[in-house]
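Novice: here's a sequence, model it:
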Amino acid sequence: GLNGNNLVLGAAWCVGECESIERIEFNGSAIYGSGITTPTGITVTNYLGSTGQAADPTLAAIFEGYDDDLVTSILGEDVGVCYSVFEITPTAQDSFPRAVAYIKGSKVYDPRTTSTAWSENPALCLADYITSKTHGPGRSVDWDSVASCANWSSSYVTTTTLPRHRIGLSLDRPSPTWQWIETMRQYGHIILHNEGSTVVFSNDKQVDVDTTASVGANQVLKGSMKLSKRGLTQLPTVMRIRYTNRSEYPWRDGEAIAYASGVNTGTRNYVESVVRMPGIPTYAQAYREAVHRINHLRLSDVKATFDTFDQGLLRRAGEVIRLTHPVGLTSKALRIAAPVATGPGRWRMTCTEYDDNQYSSAVVDEPAVKDTDLPNPQNVTPPTDLTLSEELYQRDDGLWDTRIRIIFAPSTYLVGSEYEIGVKNPVLGQIVW
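Specialist: Numbers count the residues shown, from 1 in each chain. Now for the predicted structure:
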């Protein structure tokens with residue numbers, strides 16, 4: 001609208017309540033923020049989306065009867081809009097302004113302090129989204145488990161003062177709530193599961209395996225154990241994480257790349273995976289994420305699924321167990337992904353391999369813990385006492401032909417069913433039979 005000859009603009013940024021509006025730019029030039037002098041002829045009034053904010057007086061002056069405080073109630077929950085009002089004189093701008101804001105976002109509840117404040121902690125932000133009725137599913141969470149995950153994310157990495165996990169994400173497009181939950185939980189390596197109507201949090205992190213619960217074959221329903229192993233041939237050997245570089249304005253895309261050993265020397269194939277994680281604010285965190293993903297794909301490549309009895313009531317998603325079973329598992333460390341009730345007194349456990357080294361800052365080539373006690377399918381024992389002889393025989397049509405008779409000793413590779421034998425021409429270097 002117009003206030004005399006002055007242009008009046010309103011820009012709605014997001015739902016509140018936000019901590020602060022850090023910086024505003026018009027057409028790429030800063031007009032508001034710390035250390036910035038707002039140009040002559042431009043007035044900026046900010047509202048952070050508090051439920052107690054009043055209607056803007058400039059808008060009220062130019063629109064008769066205007067009294068909208070931009071606070072509403074959704075499913076009984078009051079929410080305000082974070083917005084700015086600009087009044088611009090005719091000579092202050094050469095063209096119509098395109099406004100961009102850098103915002104220190106929503107305030108979230110922290111069960112560790114019982115306070116509500118801005119935070120970059122992924123566990124707190126995810127809990128706020130899950131419990132929100134305005135922009136989330138409005139469900140209950142187990143706040144003790146949220147606090148535990150928040151402590152892990154805010155803990156320092158080794159001897160640095162860098163928090164392990166941070167998130168700065170704008171939910172800027174409509175998506176199903178489960179998609180946003182899946183996106184947000186990855187920033188804190190959070191595992192979620194339901195206990196009744198309550199969402200419980202846990203972390204995918206290092207544990208002391210020796211203190212974890214031991215599960216034996218007597219706790220596994222007969223015939224229910226299934227093992228599978230991820231094929232390694234097409235797994236990424238290069239992980240490229242695209243993050244938001246906030247080291248200077250304007251913020252821009254950055255990349256952190258982790259390579260499996262052997263890629264740069266050419267002894268391992270280059271297979272790249274690109275993952276966009278715009279909520280990561282620093283190169284250091286993006287690089288740790290890249291290393292973690294490379295390690296996780298290559299070191300946690302065994303999956304176990306089995307049915308158990310009422311002992312399943314004691315197990316939670318994210319918990320690490322040690323499984324011993326005649327299929328070739330001896331105190332095998334597995335992380336439970338999803339315990340599901342399948343019937344009265346029956347629970348199905350889906351687990352993935354646990355390996356301490358996937359959380360290392362270094363790329364690990366091979367698992368430190370062997371997958372099973374079974375023979376390695378990629379290292380098949382060759383047959384011994386192999387002899388080949390050519391013999392003459394008569395075909396059914398009466399003609400004579402030759403064939404090769406192959407004899408070898410009984411195999412010691414007990415899980416193999418057959419061998420395929422080829423004959424190579426040493427001159428051509430090709431399999432001819």
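Novice: surely A258 meets A286?
Specialist: No - in this structure A258 lies outside contact range of A286 using Cβ atoms under 8 Å: 9.5 Å. In this view, the C-beta of every residue, glycine as well, is placed from N, C-alpha and C.
Novice: overlap in contacts of these two?
Specialist: Listed contacts common to A258 and A286 are nil; contacts here mean Cβ atoms under 8 Å, 6 or more residues apart in numbering.
Novice: just the strands in the stretch 101-250 of the chain please.
Specialist: 115-118, 140-141, 190-195, 198-203, 213-215, 226-229, 238-245 (DSSP state E, counting those that start in this stretch).
Novice: out of those, which gets nearest to K303?
Specialist: K303 lies closest to strand 226-229 among the strands of the stretch 101-250 of the chain, at 4.8 Å (Cβ to Cβ).
Novice: geometric centre of the chain: which residue is closest?
Specialist: Nearest residue to the geometric centre of the chain (Cα atoms, centre = their mean): Q186, 2.8 Å.
Novice: tell me the spacing between the closest residue to it other than its chain neighbours and W152.
Specialist: Distance criterion Cβ to Cβ, 6 or more residues apart in numbering; nearest residue to Q186, sequence neighbours excluded, is M277 at 7.3 Å. Plainly put, M277 is 18 Å away from W152 if you go by Cβ to Cβ, to the nearest Å.
Novice: ok, these two, which is more surrounded?
Specialist: Using other Cβ atoms under 10 Å as the criterion, M277 and W152 rank with W152 on top: 22 against 19.
Novice: what number of residues lie near the closest residue to the more buried one other than its chain neighbours?
Specialist: Leaving aside its sequence neighbours, W152 sits nearest to N203 (Cβ to Cβ, 6+ apart; 4.9 Å). Neighbourhood size, N203 [other Cβ under 10 Å]: 21.
Novice: quick one: contacts for N203?
Specialist: By Cβ under 8 Å, 6+ apart, the residues touching N203 are S148, C149, W152, G188, H189, I190, I191, G318.
Novice: can you pull the contacts of the fifth one?
Specialist: Okay, so that is H189. Going by Cβ under 8 Å, 6+ apart, H189 touches H165, N203, D204, K205, H292.
Novice: among those residues, who's most crowded?
Specialist: Result: H165 is most packed of the contacts of H189 (other Cβ under 10 Å), 26 neighbours.
Novice: residue ranges with poor pLDDT in the stretch 201-350 of the chain?
Specialist: By pLDDT under 70, the stretch 201-350 of the chain has no low-scoring segment.
Novice: ok so, going back, in helices, which of the contacts of H189 appear?
Specialist: H292 (DSSP state H).
Novice: host element of the nearest residue to V220 once chain neighbours are set aside?
Specialist: Nearest non-adjacent residue to V220, counting by Cβ to Cβ, 6+ apart: F306, 4.8 Å away. Per DSSP states H and E, F306 falls inside strand 302-308.
Novice: can you check which strand is longest in this structure?
Specialist: Looking across the chain with DSSP state E, the single longest strand is strand 329-343.
Novice: note down every partner strand of the very next helix or strand once past that strand and its orientation.
Specialist: Moving toward the C-terminus from strand 329-343, the next helix or strand (DSSP H and E) is strand 346-353. Using DSSP bridges, the strands paired with strand 346-353 are strand 302-308 (antiparallel), strand 329-343 (antiparallel).
Novice: now do the first one: everything it contacts.
Specialist: Contacts of strand 302-308 from elsewhere in the structure, counted by Cβ under 8 Å, 6+ apart, are 215, 219-221, 224-230, 323, 325, 329, 332, 334, 342, 346-353, 371-372.
Novice: weed out the non-buried ones from those residues.
Specialist: Taking 16 or more other Cβ atoms under 10 Å as the criterion, what is buried in the contacts of strand 302-308 is 215, 219-220, 225, 227, 323, 325, 329, 332, 334, 347-353, 371-372.
Novice: what's near enough to touch A337?
Specialist: Residues near A337 by Cβ under 8 Å, 6+ apart: I191, A317, T350, C351, T352.
Novice: okay, now A409: neighbour count?
Specialist: Residues near A409, counting by other Cβ under 10 Å, number 10.
Novice: for my notes, confirm G318 occurs in a strand.
Specialist: No - the assignment for G318, made by DSSP: H, G, I helix; E, B strand; the rest coil, is coil rather than a strand.
Novice: contacts only, for it.
Specialist: G318 makes contact with I191, H193, S202, N203, D204, R335, I336 under the criterion Cβ under 8 Å, 6+ apart.
Novice: which of those ranks first by neighbour count?
Specialist: Neighbour counts for the contacts of G318 (other Cβ under 10 Å) peak at I336, which has 24 neighbours.
Novice: now that residue, which residues is it bridged with?
Specialist: Beta-bridge partners of I336, counted by DSSP bridges, are C351.
Novice: so it sits against C351, correct?
Specialist: Yes - using Cβ under 8 Å, I336 makes contact with C351 at a distance of 5.3 Å.
Novice: what's the overlap in contacts for the two?
Specialist: Joint contacts of I336 and C351 (Cβ under 8 Å, 6+ apart) are I321.
Novice: returning to what we had before: V44: which of the strands paired with strand 346-353 is closest?
Specialist: Closest among the strands paired with strand 346-353, using Cβ to Cβ: strand 329-343, at 49.1 Å.
Novice: quick one on the thing from earlier: TSV for the contacts of G318, including distance to T267?
Specialist: What follows is the contacts of G318, written out as TSV (distance: Cβ to Cβ, whole Å):
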residue	distance to T267
I191	35
H193	41
S202	38
N203	35
D204	30
R335	31
I336	36
